[in-house]
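Student: What follows is a predicted protein model with its sequence.
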Amino acid sequence: MCCFFQKYGYTHLSAGELLRDERKNPDSQYGELIEKYIKDGKIVPVEITISLLKREMDQIMAANAQKNKFLIDGFPRNEDNLQGWNKTMDGKADVSFVLFFDCDNEICIERCLERGKSSGRSDDNRESLEKRIQTYLQSTQPVIDLYEEMGKVKKIDASKSVDEVFDEVVKIFDKEG
């Protein structure tokens, strides 16, 4: 996957991964709070997530000014995230498009349960996953709808095989990237 991002000049940032790393950091003032939100299937407060994203982006660009294109996965998750992003990143970052992986809820749950066999993630269990889906429907879907109204959503049928989904991603990046 690394070479894929390099080909198009993007640095991949995962909001979830940054949050999971932060909660493991024994010096973090947010670790326990992040753990509670993730385990409950809730969205971590925007100030925490944006501070982690911005810190990572700033560090990457400080090391190499040419690395100024980011693919941020798992963000924004709700209207509060979107407003926080717009307030913090206004004039500093432009959202070119949103890559939306559309998939049936049960397929998502089964895939995450399979991942949970080796991931060690506290939220890879049916109860947390079902809560996350409800959170998605209530909070994230309206953000996707907003970006769709702006013509910025690139939708992929993610119920297909990994190779088929990847081929669709490549087509989008070849056109947009």
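Tutor: In hand now; what should we look at? Numbers count the residues shown, from 1 in each chain.
Student: Which residue would you name as the spatial centre of this protein?
Tutor: G74 (1.4 Å; CA atoms, centre = their mean).
Student: you'd agree it is up against S14?
Tutor: Yes - counting by CB atoms under 8 Å, G74 does reach S14; the two are 5.9 Å apart. To be clear about C-beta, it is placed using only N, CA and C from the backbone, and glycine gets the same treatment.
Student: low-confidence ranges in the protein?
Tutor: 1-2 (pLDDT under 70).
Student: Could you pull out the helices in it for me?
Tutor: 2-8, 15-24, 31-39, 46-63, 79-89, 105-119, 126-135, 141-149, 162-176 (DSSP state H).
Student: Mind listing residues that contact the last one?
Tutor: Outside of helix 162-176, the residues that reach it under the criterion CB atoms under 8 Å, 6 or more residues apart in numbering are 4, 7-8, 96-97, 99, 101, 154, 156-158, 160.
Student: Tabulate these (a markdown table), appending neighbour count.
Tutor: Formatted as a markdown table, the contacts of helix 162-176 follow (neighbours: other CB atoms under 10 Å):
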| residue | neighbour count |
| --- | --- |
| F4 | 14 |
| K7 | 12 |
| Y8 | 13 |
| S96 | 12 |
| F97 | 16 |
| L99 | 17 |
| F101 | 15 |
| K154 | 18 |
| I156 | 19 |
| D157 | 12 |
| A158 | 18 |
| K160 | 13 |
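Student: Domain-wise, how is this structure divided?
Tutor: For the chain, the TED database gives the domain ranges 1-95, 100-160+172-176.
Student: mind putting these in a markdown table, distance to F166 included?
Tutor: Shown next, in a markdown table, are the domains of the chain (distance: least, CB to CB, whole Å):
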| stretch | distance to F166 |
| --- | --- |
| domain 1-95 | 8 |
| domain 100-160+172-176 | 10 |
